[in-house]
Every structure is written in structure tokens, then in C-alpha cells.
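J.: Next input, structure requested:
(chains A and B)
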Amino acid sequence: MDRLACVDVPALAERALMAADIRRIDPERAAQMLADIDADTQRLTERLRQFSPDVDPHAEGAGSSPDGSLGLFWLSAQGLDKLFPDREKWALAIQRAIAEAGFSASVVVGHGRFTTAALARESPGSIRVLTDLEAERKQAAKVPLARIAIDPEVRDFLAKLGITTLGSLAKLPPGGLLTRFGKSAHAVQELCAGRTFSPLRPIPVARRYRAHIDFDDPEDISERLVFAVKTLLAPLMAEILAAGARVTELVCTFAQNGGDVRTDRIRPADPTRDDRALLRLVHLRLEAQPLCAAARALDVELLTTAADARQLSLIAKRPRRDPRDQRRAFARLRAEFGNTAVVRAHLSDGHLPEAQFHWDATSPRDARQKHISPKVPEGEGLRSIRRIYSRPQPLAGAKTGDHIAAGDWLGENLGRAVQIFGPYVVCGGWWQKAVDRAYYFVRAERGDWLWIYRDRRRRRWLIHGKVE
Amino acid sequence: MSSIRGQIPGVAFPVFEENQGLAKPGWDLETARRRLLEISGDAGLTAAAALCAQAQAAGDAAAWVMTTDAGFFAPDMAAAGVSLESLAVVRVPPTTEPEARKRASRPGSRLARAATILAQSGGFGVIVIDLGGIDIAGRARGLPQLSMATQGRLHQLAVAHDAAIACVTQKPESAPSLGSMVSLHVYTEVFDNHFDNHPRITLRALKDKRRGPGWDDIRAFHGPPGLR
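T.: This next block holds a predicted model:
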């Protein structure tokens, strides 16, 4: 078996967990954090290429790696004996390179993907070189289950049975976990026992398409900036056409007066070779979000993917609502209003109203797919929809006290309270940040149905929304 | 009414009789298609969500444009039969001050801009523009408006792509519609039904360029949990 090195950068996984935690409160910030994690993963992957041409970052996308291998990188050692004869020095150089990038890492040189990852996660910041496969398996058997990516429910259940290490998990009969906890738990057990093999999946070296220009005079007029992008784009697109690739993202970096650097990432609806479509999106972005200072220099980079070999039908029956048209609209909207403008609502488990759903910055699914109607109202009635405010508004009636009654003044715009339903109390979170709210539906004199609550801890009345 | 038809030339009377092949209009996708609509009153979001649910059930695509300040409560939309996975939502951030000065934009113009981009694609059967969430703090001067040019563009796109473009507004019944290009203006009102104590919603056509105003559609109104 060829040797490899596993590099564990725990900071990436920690940041992904933080992004998952704050997603309900601030989804835009969470989306930005995930995008930063993706960018850092790519950056570290490129940095690790100086130590091996085959680097497997195994990051499917920040926050979406089901086996919890975010922050893990594997480098193949195949064919590097003459370049890096001393494996320990190789590992040390890798660790130093990651430290220069601003991260701390542990490095394990061994034989198996799973065993080296377990050992790397066991002792953060360490370096280990294992020459013998049997010794590597014996050491990996002692790694606690808490160090690997396993469902917490499964881990806690096994802990009650006294199974806390990889070695003890490997000794369990194979069928039990599959029956009780499903395929993912069974897959972990198979890896622990060495009955399955997870091969290295290095990502190919991406060809860089970059160009740079320094302006004679600082530029802040959007038309001139778009023209500069067009000038840089032309030779790059010719190379991309010759390579048979398509552009998935255009990154424009403006070095502005005053030292600020602004980076715009423009994504077309589909991988494209159409430079005019890219320039239209750049124009939309610069018109909607002009530079705050004139640009002294411009860097353009194109990220690409291999061309799609699918043959287009000459007589294609165009669907009534073409998803490609929808994706183009989404790309234009993102270019003009920001990358988090197009979202879909995603329900979450939460007690507070704002925690019961969040916005997911992924494109909506094709409407032609199976339509899911979870709760269609019976008969011909209409189910009411509440409007929810991102920031609850203070109730202008300046009520004091913890209760509201018919006749209470709600403010000039609303009049008096005519009809009230409630209170519906939401209380909890004492272990973290206590919440004590009493919700009411209040019909105002003007006719609005308000959705208000009394924050008993802060002693305030707030309007969370309306029934419309 | 039918007795004086034909006696006054050039005047068309909408006659809702089964034998004439004209069904009574109601709040459905057929009534809304190929039009720029306005929905105002007590239950604008409810009526708009019903349109989206109908479009999705028919295999069509729906989109919703709103501000980042206020929007629909997603669990209610799911309960109303709207597929959240397929519903495209565009959350438009508020205008930054220099842009507002530069373009002298009306409240609602950025939402209309987003809706125009969606409508131009031809990829959506229903597009809802939620103008009701623009000024929740009451700081803007006057009601949200759409310019005549914007309305004309949206109307043409609705006709060209067989779509329904619905603007949700919050205004009293006496207030005029957004503009002359609005083809159907429906006012929604929720009232208690004293016979069975179950609330009802009326969708009343204040303006209907196709079939004439005055029709209404009364349905049962299912409030959120806790609101009878």
C-alpha cells in the first residue's frame, strides 16, 4: 500500500460548526462564513500542492461533508522518495507551510486514509510518522470515538455499552449497527475494522486563468471598468476555448485608492464560454454596487470546469418553464443585489418564531419535480400567512405591565385593541440565553391583526409581525 | 340586467350565467394569468400564497420578491400548500443612500427591478411582489409606488410569458390602485361569520379590466394556530 500524509486543520471544522449555530440568527453572515471556509480550503489545497501533486481535500462544500472530514487533507507520497526521502522532514515542512497560512495543523504519515485521519484528529498540532501498517492499525484502535466523525446519538449509545474506541467498535458484530442505526454508522464500523477501503481522490490541478492591469489614472467609472475587464477577458477566453473548458466563476479584484481591496465573485447561471454574458453580469454588479474609491489596479481570474460532453439535440422540445431561464435570472439577480439575494426558505426545529425557519442561499429546485404539499387546507378555505419582521418593532402604545386587554391603546396608527387571543408563552433557554415571551394576536381598531409579544425579561412590548 | 342588453349599443354587461359559458370569476390562477394584479386589504399575503400554491400544484414555477426587513412566515406558507423547496425567493436589501439620491428611486422600485428580471426570463408562472414589507417602521413618505413605465413593462411581460404578476400592498379599500396598468385589483377582508363562528375571507374585485369589477369570492379563512 502506498503511503500518504493526512493533514488535519481543526479550525475549518470549528468554523463550520459556528456557521451552523448562527445560521438561524444571521443567515447572511453564516453564508459568508461558509464561503470563507470554501475559499480557505482551496487556498490550503493549492499550498499543499508544493508537497505532492495529488491532494485530496475531500471538502464537498463547507458545512455539507456528511462524514465530518472538513479540514482534512490527504497528500499522496507516491513517487516522492527522491524529492522527500525523509518523511519526518516532509511532515514538518507541511506543518510549517500550513502555519504560514495562518492555521495550525497535525500531520500523520501512514498508509490508510481513515487510520491516518483518526490519528491526526487524536492529537492536534502533532507530527507522527508510521512505517508499519500493523502498528498504525494498533495505534488507531486506541483513538476515542469522540475524535472521529460519527453520529453523536450512535456514539452515546455505544458509550453506554462501554464501547469508546475504534478498536472496540471494530470488534462488534457487523450487522447490529446497520439494523439499528443505518448505513452511515455501519460504514464507520467497516472502516474501523479495515473491511472497506477509502481510496484517495485527488482533485486535478486547476489551470489558472489570470490577468492583471494597472491603470494609468485611477478609475471609478463603471463603463471604463467593464471595458478593462473585457480587455483582460478576451485572451483568457481564447485559452479557455482552446482548452475546451467553461467558466464557472469570474473573480474581479479591484485595488482601490486608500489601500482597500474589493473582490467581486460573479457566477453565471451555467458554466459558459460567452464573454458577453459575463460582462453583462459585471456591468450589473458595478452599477448596483459602485466602487467606494477609484481603482488603481484590476485582477481578473476565471475559474473553470471541463466542458460538458453532452450533445445538444437539434430539435429540442423546450419546456414551458425552462430551468435554464430561471438560472439566468438568478445569476442576474445575484450580480445586481448580492450573492445572497436568491434564497429559499428552509424549515428548522425551533420554538421561537424566528428559529422555525431560515433562508438558504441555494437555488430553488425545479418546480417540475414532485410537488410537495405538506398541509393543504381542507375544503376551499385559505390558510392565513403571517408577515414576520426581521427586527421586531416596538409597540408605540407604550404599554407597561405584562398583560394586554381590549381597549388598550396601541398607538396612533393602530388605535385601540379590539380583540385579543393569547397569551401563548414561549419560555426556555435558561442554560444559554433565557427567553420569556408571551405572544398575542391582537385585532386593532384600524383592522390589522397584529402578532405581538411581551418580552418579560426586557419588559417591552414588541410587534413581531401581522396576520395578512 | 339581461332585459336591457342589446338596447344600449356599445355597452357590455357582464352576465354570469352558466348557459352563456361564462363562469363566475373567482380567485384562481386562470383569473390571474396574463395580468398585472394588485392585492390589498387584510389578507394580501394569504391570497398571494394561494396563487403560488395553485401554480406549483399545476407544475408551474412561482417566485416571491420581498425586502430583507419583513417577509412571509415560512411555516405558514408550508401549511398553505406552498412547496418551499421550489419557491424562488428574492430578498432585496434596502437601498443605500447614495443610490437613492442618484436614482431618486421610489419605494418599491428595487423590488420591481427584481421582479422585472424574473419576468423577463419567462421562467415563472406567478411572481409576487411584496410591497407591504417596505415601510414597517412608517418612515417613508406615502405608499409604495411603481412608475407607469415599470407597470407597463410588467404588464407586457405578464402577457408575453403567460404569467401572473401580483403586487401585495397595504392600503384601505378607498385608496386607488397602483396605477392604470393594473388589470385586476382585489381587496381582501376577513370577517367573522356569525352563523358558524368561523371566520371568512372575501376577495372583492375593485377593478377588473377583463370581466368588470364587483365580483367577489368568499372562502373559509383558517387562521394561524392560536387565532380562531
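J.: Every contact and neighbour count from this point should use C-alpha atoms.
T.: OK.
J.: Okay, buried residues for stretch A:382-401 please.
T.: Of all the residues in stretch A:382-401, those buried under the rule 16 or more other C-alpha atoms under 10 Å in any protein chain shown are A:382-389, A:392, A:395, A:397, A:399.
J.: and after the lowest-mean-pLDDT helix or strand in chain B, which helix or strand comes next?
T.: The weakest-scoring helix or strand in chain B, judged by mean pLDDT, DSSP states H and E, is helix B:97-103 (a mean of 55). As assigned by DSSP states H and E, the chain's next helix or strand after helix B:97-103 is helix B:109-121.
J.: any residues touching that next one, and which ones?
T.: A:325-326, A:328-330, A:332-333, B:63, B:65-67, B:90, B:92, B:95, B:124, B:127-131, B:145-147, B:150, B:153-154, B:157-158, B:161, B:163 (C-alpha atoms under 8 Å, 6 or more residues apart in numbering or on different chains).
J.: Can you say which of those residues are buried?
T.: A:325-326, A:328-330, A:332-333, B:63, B:65-67, B:90, B:92, B:124, B:127-131, B:145-146, B:150, B:153-154, B:157-158, B:161, B:163.
J.: hmm, stretch B:57-75 touching chain A?
T.: Yes. Residues of stretch B:57-75 are located near chain A by C-alpha under 8 Å from any C-alpha of the partner chain, namely B:57, B:59-61, B:68-75.
J.: of all the residues you listed, which two lie farthest apart?
T.: Maximum pairwise distance among the residues of stretch B:57-75 next to chain A (C-alpha to C-alpha): 30.3 Å, between B:59 and B:69.
J.: so where's chain A uncertain?
T.: For chain A, applying pLDDT under 70 flags the ranges A:1-2, A:58-69, A:197, A:204-207, A:306-320, A:363, A:365-380, A:397-400.
J.: still on that earlier bit, among the buried residues of stretch A:382-401, which are within reach of chain B?
T.: Subset of the buried residues of stretch A:382-401 in contact with chain B: A:382-389, counting by C-alpha under 8 Å from any C-alpha.
J.: Quick check: strands, which of the residues you listed are part of them?
T.: Of those, the ones assigned to strands by DSSP state E are A:382-383, A:386-389.
J.: Let me have these in CSV, extended by distance to residue A:89.
T.: Below are those laid out as CSV (distance: C-alpha to C-alpha, whole Å):
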residue, distance to residue A:89
A:382, 70
A:383, 67
A:386, 62
A:387, 61
A:388, 58
A:389, 57
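J.: And the strands in chain B?
T.: Using DSSP E, strands in chain B cover B:35-41, B:62-67, B:70-72, B:88-92, B:126-130, B:164-168, B:184-192, B:199-208, B:216-222.
J.: closest to residue A:188 out of these?
T.: strand B:88-92 (37.2 Å).
J.: now the angle between strand B:126-130 and that closest one, please.
T.: 30 degrees (axes from the mean of the first three to the mean of the last three C-alpha atoms, to 10 degrees).
J.: can strand B:88-92 be found next to chain A?
T.: Yes. Legend: contact between strand B:88-92 and chain A by C-alpha under 8 Å from any C-alpha is shown at B:88-92.
J.: Just the buried positions in stretch B:192-208, please.
T.: B:199-208.
J.: Could you list which of those residues also contact chain A?
T.: residue B:201.
J.: In contact with residue A:332: list those residues for me.
T.: Contacts of residue A:332 (C-alpha under 8 Å, 6+ apart): A:268, A:281, A:284, B:117.
J.: Ignore what I typed, I meant residue A:392.
T.: A:462-465.
J.: Can you get me a residue count around residue 89?
T.: Unless you meant another one, I'm taking chain A. Number of residues near residue A:89 (other C-alpha atoms under 10 Å in any protein chain shown) recorded here: 13.
J.: that's the other chain; I wanted chain B
T.: Residue B:89: 26 neighbours (other C-alpha under 10 Å).
J.: How about the nearest residue to it once chain neighbours are set aside: which residues does it bridge to?
T.: Computed as C-alpha to C-alpha, 6 or more residues apart in numbering or on different chains, the closest residue to residue B:89 that is not its neighbour in sequence is residue B:64, at 4.8 Å. Beta-bridge partners for residue B:64, by DSSP bridges, are residue B:89, residue B:128.
J.: Now do the helices in the stretch 151-300 of chain A.
T.: A:152-160, A:166-170, A:174-181, A:183-193, A:222-243, A:275-288 (DSSP state H, counting those that start in this stretch).
J.: For chain B, give me the ranges with low pLDDT.
T.: B:1-24, B:95-107, B:135-144, B:193-197, B:228.
J.: ok, 50 please
T.: B:1-8, B:10-21, B:101, B:104, B:141 (pLDDT under 50).
J.: returning to that earlier point: would you reformat the residues of stretch B:57-75 next to chain A as CSV and include neighbour count?
T.: Supplementary listing: these in CSV, determined by neighbours: other C-alpha atoms under 10 Å in any protein chain shown:
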residue, neighbour count
B:57, 19
B:59, 18
B:60, 22
B:61, 30
B:68, 17
B:69, 19
B:70, 23
B:71, 24
B:72, 24
B:73, 21
B:74, 26
B:75, 20
